[in-house]
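A.B. asks: Sequence and predicted structure, then a few things I'm wondering about:
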Amino acid sequence: MTYYNHEHYRDPTAGTAARNIKRQSRGFGPRRTAQKEGRAKILNRIFAIDPGNIESGFVIVEHDGREINKVSHKGKVQNESLLERISMERFHPGDIVAIEMIASYGMPVGREVFDTCIWIGRFYQNLSDTHPGAMMPRVEYILRAEEKRVLCKSSRAKDTNVTQALVDRFAPGQPNHGKGTKAKPGFFFEFKKDIWAAMAVATTCFDLHVKGVR
């Protein structure tokens, strides 16, 4: 029988805390926690897309299951660039990709609408190809009519009404429609038209598929 001196071997638990920090910085494990009533809650994300035939608006929001707490990323980019971003995202359990879906309302539409439908399919295919199996996030399609009903309680709501509903909910009292200023950014800092539309998709998705509001 051979005996080994334990002093010749490193403690296997040494440096565990440091390694865990490095792992989380690379995207492993929870991104962050929020203290609510003394309990730590993991903030999950909704990656929301307002698709277009050439460019698309998007937002990534964080929520704790009760409410959306923060817009962590936003923008309007070329569709090819958005495909690349989707493929590089590190999705976690609880994350959702919400895409506004086109619906028929009995009126003629042009080529731009059909091209947008193709891009919606490409976004989903990209998710499926680059995040297979358990890595594939949950995908929800949100109709514009649902956004009006959920956010404004009226099918007759206009874009301005939807925007105001978002401001009233997330940035009441903040100047410049919740955008704030460069010196003191608000909840909707640097928001533009297509980004507002993506935020409406994210918020409607949260209400319908996280909170279960009907």
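C.D. replies: Good, I have the coordinates.
A.B. asks: Can you tell me which helices and strands the longest helix along the chain packs against?
C.D. replies: Determined from DSSP state H, the single longest helix within the chain is helix 111-130. When contacts are defined as 3 or more C-beta pairs under 8 Å, 6 or more residues apart in numbering; DSSP states H and E, helix 111-130 packs onto helix 79-88, strand 96-101. Yep, even glycine has a C-beta here, placed from its N, CA and C like the rest.
A.B. asks: what's across from residue 47 in the sheet?
C.D. replies: residue 60, residue 97 (DSSP bridges).
A.B. asks: check contacts around it.
C.D. replies: Taking C-beta atoms under 8 Å, 6 or more residues apart in numbering, we find residue 47 in contact with 58, 59, 60, 86, 89, 91, 95, 96, 97, 98, 137.
A.B. asks: measure the second one to residue 212 for me?
C.D. replies: Plainly put, residue 59 is 21 Å away from residue 212 if you go by C-beta to C-beta, to the nearest Å.
A.B. asks: Could I get the helices and strands packed on helix 111-130 in TSV, plus columns for distance to residue 185, mean neighbour count and mean pLDDT?
C.D. replies: What follows is the helices and strands packed on helix 111-130, written out as TSV (distance: least, C-beta to C-beta, whole Å; neighbours: other C-beta atoms under 10 Å; pLDDT from 0 to 100):
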stretch	distance to residue 185	mean neighbour count	mean pLDDT
helix 79-88	22	16	96
strand 96-101	24	23	98
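A.B. asks: need those in TSV with distance to residue 188, can you?
C.D. replies: Output for the helices and strands packed on helix 111-130, formatted as TSV (distance: least, C-beta to C-beta, whole Å):
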stretch	distance to residue 188
helix 79-88	20
strand 96-101	18
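A.B. asks: what number of residues lie near the residue nearest to residue 44 when sequence neighbours are not counted?
C.D. replies: Once flanking residues are discounted, residue 44 sits nearest to residue 94: 3.5 Å by C-beta to C-beta, 6 or more residues apart in numbering. Close neighbours of residue 94, defined as other C-beta atoms under 10 Å, add up to 16.
A.B. asks: confidence score at residue 94?
C.D. replies: At residue 94, the model reports a pLDDT of 91.
A.B. asks: coming back round to it: then the longest helix of the chain to PDB, C-alphas only?
C.D. replies: Provided in PDB are the C-alpha atoms of helix 111-130 (Å, rounded to 0.1, in the frame of the first residue of the first chain):
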ATOM      1  CA  ARG A 111     -44.000  43.600 -50.700                       C
ATOM      2  CA  GLU A 112     -42.500  45.100 -47.600                       C
ATOM      3  CA  VAL A 113     -44.900  43.200 -45.400                       C
ATOM      4  CA  PHE A 114     -44.100  39.800 -47.100                       C
ATOM      5  CA  ASP A 115     -40.400  40.500 -46.800                       C
ATOM      6  CA  THR A 116     -40.900  41.200 -43.100                       C
ATOM      7  CA  CYS A 117     -42.600  37.800 -42.800                       C
ATOM      8  CA  ILE A 118     -39.600  36.200 -44.300                       C
ATOM      9  CA  TRP A 119     -37.300  37.900 -41.800                       C
ATOM     10  CA  ILE A 120     -39.500  36.800 -38.900                       C
ATOM     11  CA  GLY A 121     -38.900  33.200 -40.100                       C
ATOM     12  CA  ARG A 122     -35.200  33.900 -40.400                       C
ATOM     13  CA  PHE A 123     -35.000  35.200 -36.900                       C
ATOM     14  CA  TYR A 124     -36.600  32.000 -35.600                       C
ATOM     15  CA  GLN A 125     -34.500  29.700 -37.700                       C
ATOM     16  CA  ASN A 126     -31.300  31.500 -36.500                       C
ATOM     17  CA  LEU A 127     -32.400  30.900 -32.900                       C
ATOM     18  CA  SER A 128     -33.100  27.200 -33.600                       C
ATOM     19  CA  ASP A 129     -29.800  26.700 -35.400                       C
ATOM     20  CA  THR A 130     -27.500  28.600 -33.000                       C
END
